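Undergrad: make a model of this:
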Amino acid sequence: RGVHYRDILAADAGGGVDHNIFAVFYRPYKTGGRLRPEPTGEITESVWTALSDVSRLRRSSLVDVGLSLAQVLPATGHVGPVPVGGLIQH
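TA: Next up is the predicted model:
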């Protein structure tokens, strides 16, 4: 678990407007039941993926911050800068 914050200037994001990102990361645990789509339709598919497989997926760059937190498990909930290669990797 941890918190991530960064500023992204419009010029670094390929134009548009400046961005401020504040992300809170939690470590989920499967306790039972089954995964299902969100009732609002915002999430159409839910799957559990082993941490070792996540790095091979197409993903938002913020996932790399979460992976770093999961690997380091810092007591402060903070890791140093994580190279993300842009605002979103797709």
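Undergrad: which residue ranges form the strands in the protein?
TA: 2-8, 19-25 (DSSP state E).
Undergrad: okay, those strands in JSON lines with mean neighbour count next?
TA: In this view, the C-beta of every residue, glycine as well, is placed from N, C-alpha and C. JSON lines is the format used below for these (neighbours: other CB atoms under 10 Å):
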{"stretch": "strand 2-8", "mean neighbour count": "14"}
{"stretch": "strand 19-25", "mean neighbour count": "12"}
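Undergrad: weakest of those by average pLDDT?
TA: For the strands of the chain, mean pLDDT drops lowest on strand 2-8, to a mean of 77.
Undergrad: adjacent strands (with direction) for that strand?
TA: strand 19-25 (antiparallel) (DSSP bridges).
Undergrad: returning to what we had before: for residue 65, find the nearest of the strands of the chain.
TA: Among those, strand 2-8 comes nearest to residue 65, with 4.8 Å by CB to CB.
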